[in-house]
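3D model of this:
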Amino acid sequence: MHDRILWLHFGIQKTGSSSFQFLLQKQRQLLLDAGIVYLDPYFSLTPNPWYAESVTSRAFFEAKTFGKIWDDRSHVFGFRDYLLGSIPSSSKHLILSNENFYPIISPQGQPRFDFNALERFAGDLGADIRIVLYLRRQDEHLISYYQERVKASFRLNNASRDFLALPAEIDAYASIVTRTNYYDFVAQISMLQQRFAVEIKLMEDEISEFGLMASHCSAFQLPAACAQLDASKNVGLEAHATVALRRYLAYGHEHGMSQQKMLKAKNYLFRHHAGGRKLDIQLSTKDQIMALHDSANQHLLKMCGKQESALLAPARQSGLTVFEIDTERVDELFHQLRNLTV
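Predicted coordinates for the structure are as follows:
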């Protein structure tokens, strides 16, 4: 047993992982003061420190950091030595996080996570490994997410084919692929539990992303002040921009607005009101958008501002502040988008 802990955060899609990473970056100094180091190759190697979602940084992060980067035989940018040399000797805990742990489930052929190299790296640090794995409460969420990705990719390839697959054929193909990935994922979790100390956190479907973030802070034993957010923080900016954009897309579909205008609005929010971060929302069909909320306004605001959840109770008891959506700010952004695309 070591005094240090190397925390690994495994975050499946839609469990608040991206915002948690951004919070760790913003609160880096507060964490250092508490003896906690966020191992952050994402931001350290990306020219624009406000944009953690670039294709280049993500590809490097996943293929190298979660591949062979910790291995003492690896000399890619001297990155292993960089990490070891950047960790203060007085630190108690270390955190490594990525919202897309494709090396675990690997639906698109990314390299697998090298756990032997990880253990050597932890040994050099004098740290024990603990893993926190975030999953949606229903397994079908994971399956449906990858199924949609496979179907979208298949439709894209369809455009260059002489023979176009029927929708039912695409669905059948996607179902086979995603079920295979899912069972592989379950097997990987079982392997992790045999080898490491693994805590699995099941997410409530209705909870807001920022409720999830409070839960993250509690799970990783972070200082209570780390989770205090307000609309002036970039995480808050992203939340309000996302809600405003969803409301605007519903409005656009109701009024027959062109995809070009809606894309213009999305790009505008991305550049000016989301802290430079990618908004995780697609230009959905009208049926998909309207299924998200009964009206163009209130349903999503209610969902994003929802706080009454069993998952948030431990966070509140720990003194964490739960993020709330400012409806006036959403209204302001929504009207900016309407004026922009008139």
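
Okay, L8 and I95: tell me how far apart.
Distance of L8 to I95, given as Cβ to Cβ, to the nearest Å: 8 Å. Placement of C-beta: from N, CA and C, glycine included.

again, but for F10
With distances taken as Cβ to Cβ, F10 is found 12 Å from I95.

My reading is that W7 lies in a helix. Confirm?
No. W7: not assigned to a helix; according to DSSP: H, G, I helix; E, B strand; the rest coil it is strand.

Use 486 as the first number for this chain going forward.
Understood, numbering begins at 486; the last thing we discussed is W492.

now it, nearest residue through space, not along the chain?
Take W492 and drop its neighbours on the chain: the residue closest to it by Cβ to Cβ, 6 or more residues apart in numbering is I580, 4.6 Å away.

Within the sheet, what are the partner strands of the helix or strand harbouring the one you found, with directions?
Here I580, judged by DSSP states H and E, is contained in strand 578-583. Strand 578-583 sits in its sheet next to strand 489-496 (parallel), strand 521-523 (parallel), going by DSSP bridges.

Looking at the longest one now, give me its mean pLDDT.
Per-residue confidence for strand 489-496 averages out to 82 on the pLDDT scale.

what comes into contact with that strand?
With Cβ atoms under 8 Å, 6 or more residues apart in numbering as the test, strand 489-496 has contacts from 502, 505, 576-584, 586, 589, 603, 606-607, 610-619, 701, 705.

got it, and the last one?
Residues lying outside strand 521-523 but in contact with it, judged by Cβ under 8 Å, 6+ apart, are 509-510, 513, 516, 572-573, 576-580, 582, 707.

again, only using 7 Å
Residues outside strand 521-523 that contact it (Cβ atoms under 7 Å, 6 or more residues apart in numbering): L509, Q510, R513, L516, I572, P573, S576, K577, H578, L579, I580, L707.

Excluding chain neighbours, what is closest to the first one?
Pointing back at L509 there. Per Cβ to Cβ, 6+ apart, closest to L509 is Y523, 4.3 Å.

so what's the one you found bridging to?
Beta-bridge partners for Y523, by DSSP bridges, are I580.
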